[in-house]
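Visitor: Sequence plus predicted model, see below.
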Amino acid sequence: MIKILQSSWMSAVIGAVMYLGVTLGLWRMPKIVLPPRPTIEAITKGGAPSWDYQNPEVDEMIADLQHQKDALAEREHQLNDLAARLDAERQEIVVVTQSVAQMQSQFDQDVVRVRDEETANLKRLAKIYAAMSPDGAVSIFKEMKDDDVVKILVFMKDSETAPILEMLGRTGPIEARRAAQISERIKVAMYRNPANKPS
């Protein structure tokens with residue numbers, strides 16, 4: 001055993017073990033205490049490194065950037081609200097446009113429109129029916145559509161139209177109602193070319 005203890009490698013092992021034991025026994029973790037951050041005045045005097053100082057202007061810039069970020073977030077929220085409101089209003093406009101188109105279609109059905117190319121034929125027919133007796137004209141008008149009757153009556157004189165409507169109204173309550181509707185539609189009859197108004 002003395003030979004083993006006297007060998008050089010055994011001395012190295014024992015020395016290493018003792019070193020580790022003493023180091024571990026004496027070693028304590030020091031408390032890390034950070035020094036206070038120096039101000040710009042301390043740095044300019046040479047008391048601290050330049051990266052380790054506190055600058056009130058930088059803090060103010062950071063606060064200003066945070067304020068701008070909050071303002072941008074609020075603006076984005078307002079823009080999103082506005083976009084949603086615009087989308088809702090756009091949908092309302094589409095509904096109103098469709099409603100107006102439907103009303104225009106209904107108006108076009110209610111109003112008799114006389115085209116330029118029809119005018120000459122309608123004037124000729126008006127002269128023919130004006131030459132007939134009111135009784136004969138009424139018997140023919142009973143078989144025609146209201147639009148066609150209105151187009152013809154528009155080109156007749158009031159003195160020629162009145163007996164025909166009177167005779168149509170005397171033939172019964174249904175025809176009297178029809179005569180009233182025809183009279184109303186004569187009032188709103190329109191021409192595409194104002195130069196072709198009946199004389």
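Guide: Now that the structure is in, tell me what you want to look at.
Visitor: tell me the centre residue of the protein?
Guide: Among the residues of the chain, Asp87 comes closest to the average C-alpha position under C-alpha atoms, centre = their mean, at 2.6 Å.
Visitor: Please name every helix or strand in contact with the top helix by length along the chain.
Guide: Longest helix in the chain, counting residues (DSSP state H): helix 56-110. Applying 3 or more C-beta pairs under 8 Å, 6 or more residues apart in numbering; DSSP states H and E, one finds that helix 56-110 contacts no other helix or strand. C-betas here are computed from N, CA, C, even on glycine.
Visitor: How far off centre is that helix?
Guide: 8 Å (C-alpha atoms, centre = their mean, to the nearest Å).
Visitor: So which residues of this structure form helices?
Guide: So, for the chain - with DSSP H - the helices run 2-6, 8-26, 40-44, 56-110, 116-131, 134-141, 146-154, 158-170, 173-187.
Visitor: Just put those in TSV and tack on mean pLDDT.
Guide: Listed next are the helices of the chain as TSV, based on pLDDT from 0 to 100:
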stretch	mean pLDDT
helix 2-6	71
helix 8-26	83
helix 40-44	61
helix 56-110	90
helix 116-131	84
helix 134-141	90
helix 146-154	88
helix 158-170	89
helix 173-187	88
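Visitor: most tightly surrounded among those helices?
Guide: Highest mean neighbour count among the helices of the chain (mean count of other C-beta atoms under 10 Å): helix 146-154, with a mean of 20.
Visitor: who touches that one?
Guide: Contact with helix 146-154 is made by 112, 114, 118, 122, 125-126, 129, 141, 161, 164-165, 178, 181-182, 185-186, 189, 198, as judged by C-beta atoms under 8 Å, 6 or more residues apart in numbering.
Visitor: rewinding a little: ok, so what distance separates the residue nearest to the centre of the chain from Asp81?
Guide: Asp87 sits 11 Å away from Asp81, taking C-beta to C-beta, to the nearest Å as the criterion.
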